[in-house]
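A.B. asks: pasting the structure only:
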């Protein structure tokens with residue numbers, strides 16, 4: 001029997017019998033060219049899944065792969081980055097071939113939330129993740145082994161699917177966060193030197209990379225944060241730490257330059273501070289809604305600080321003076 005990409009697509013849609021799946025596994029294993037064709041079909045299927053109606057996949061022919069594989073891969077990565085709400089489901093239970101499972105577990109996928117976007121997605125184990133603007137997460141196409149491990153740069157909220165036999169681990173520049181099944185927020189900004197974990201439900205174990213002996217077991221409504229290179233614990237209200245999920249910017253305790261960084265990420269704009277000294281910032285609390293727009297936010301902030309602003313409508317750049 002000739003194996004075509006249309007036939008492989010049927011397997012992705014779980015439309016093959018057990019014997020047909022076994023035959024396909026054997027076909028993949030017998031030749032590197034076959035494995036390469038399968039990989040191309042997987043990339044194309046992911047692209048259609050992200051960008052089109054899932055039901056329409058039954059009618060759509062695969063994207064032509066003649067000289068276009070690199071383009072398709074680029075489109076897939078970009079689509080993950082710009083989508084405001086993306087869910088990716090990987091059905092890999094039918095892969096009986098051990099080598100293919102091992103390859104999927106090593107093949108890391110990159111998901112990025114571009115400035116001005118929040119990305120919602122599902123992981124292969126059923127865990128759901130929301131990435132805040134500017135965040136990037138790396139995760140495997142299949143969790144294999146004794147642990148479920150992802151790497152995070154930036155801020156994200158996790159609702160981890162419970163699995164007592166496979167702990168879920170979020171690796172960051174400052175700490176490893178280990179859980180079995182729970183809800184928590186992580187902010188890991190290496191450039192700003194910021195790190196914090198806020199627990200909503202369940203239990204979380206936070207270990208310090210700088211101090212390997214330092215392990216903190218968190219309780220709900222606790223926040224672990226980094227201060228002077230050390231992990232500290234304080235009580236907090238979980239809802240106050242995850243307002244970004246509702247499109248709210250919390251400006252409490254921010255310096256002016258930190259505030260500008262947050263505005264750039266939340267609104268997806270470039271802001272240039274065109275003055276010798278930073279404005280005095282008088283706000284000690286308050287919130288801004290992303291839905292109100294950057295112009296409204298700047299006008300509100302101007303009431304509590306000594307700056308003016310203008311916008312270059314050709315480039316979209318905002319200048320603070």
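C.D. replies: Okay, I see it. Source: prediction; values computed, not measured.
A.B. asks: buried sites along the strand or helix carrying residue 226?
C.D. replies: Residue 226 is located in strand 222-227, with elements delineated by DSSP states H and E. The neighbour-count check on strand 222-227 (16 or more other CB atoms under 10 Å) flags 222-226 as buried. Quick note: C-beta positions are derived from backbone N, CA and C, even for glycine.
A.B. asks: starting at the chain centroid, how far to it?
C.D. replies: The chain centroid and the centroid of strand 222-227 are separated by 21 Å under CA atoms, centre = their mean, to the nearest Å.
A.B. asks: What's the first helix or strand after that strand?
C.D. replies: Assigned by DSSP H and E, the successor of strand 222-227 is strand 230-235.
A.B. asks: Sheet partners, orientation included, of that next one?
C.D. replies: In the sheet, strand 230-235 lines up against strand 222-227 (antiparallel) (DSSP bridges).
A.B. asks: what does the partner strand contact?
C.D. replies: By CB atoms under 8 Å, 6 or more residues apart in numbering, the residues outside strand 222-227 that reach it are 174-175, 193-199, 206, 216, 218, 231-236, 241.
A.B. asks: quick one: the residue lying closest to residue 41 once chain neighbours are set aside from residue 30, how far?
C.D. replies: Nearest residue to residue 41, sequence neighbours excluded (CB to CB, 6 or more residues apart in numbering): residue 8, at 4.2 Å. Noted for residue 8: a distance of 15 Å to residue 30, by CB to CB, to the nearest Å.
A.B. asks: Which residue of those two possesses the greater neighbour count?
C.D. replies: Neighbours per residue, other CB atoms under 10 Å: of residue 8 and residue 30, the larger number sits with residue 8, 22 against 10.
A.B. asks: Just read off the phi/psi values of the more buried one.
C.D. replies: phi -60, psi -40 (degrees, to the nearest 10).
A.B. asks: need the helix or strand of this structure with the lowest average pLDDT.
C.D. replies: When the helices and strands of the chain are scored by mean pLDDT, DSSP states H and E, helix 69-82 comes last with a mean of 41.
A.B. asks: any idea of the pLDDT on the nearest residue to residue 16 once chain neighbours are set aside?
C.D. replies: Take residue 16 and drop its neighbours on the chain: the residue closest to it by CB to CB, 6+ apart is residue 10, 5.6 Å away. With respect to pLDDT, residue 10 has a value of 81.
A.B. asks: isn't there a helix covering residue 10?
C.D. replies: Yes - assigned with DSSP: H, G, I helix; E, B strand; the rest coil, residue 10 falls within a helix.
A.B. asks: Can you give me the neighbour number for it?
C.D. replies: Using other CB under 10 Å, residue 10 is surrounded by 15 other residues.
A.B. asks: ok, now residue 15?
C.D. replies: 11.
A.B. asks: can you check the one 3 residues further on too?
C.D. replies: Counted with other CB under 10 Å, the neighbours of residue 18 add up to 9.
A.B. asks: and the gap between it and residue 24?
C.D. replies: 11 Å.
A.B. asks: Residue 191 too?
C.D. replies: 45 Å.
A.B. asks: of those two, who's got more company?
C.D. replies: residue 24 (23 against 9).
A.B. asks: Quick check: nearest residue in space to residue 170, chain neighbours excluded?
C.D. replies: Among residues not flanking residue 170 along the chain, residue 177 sits closest, at 4.3 Å (CB to CB, 6+ apart).
A.B. asks: secondary structure element for that neighbour?
C.D. replies: Assigned by DSSP H and E, residue 177 falls within strand 175-179.
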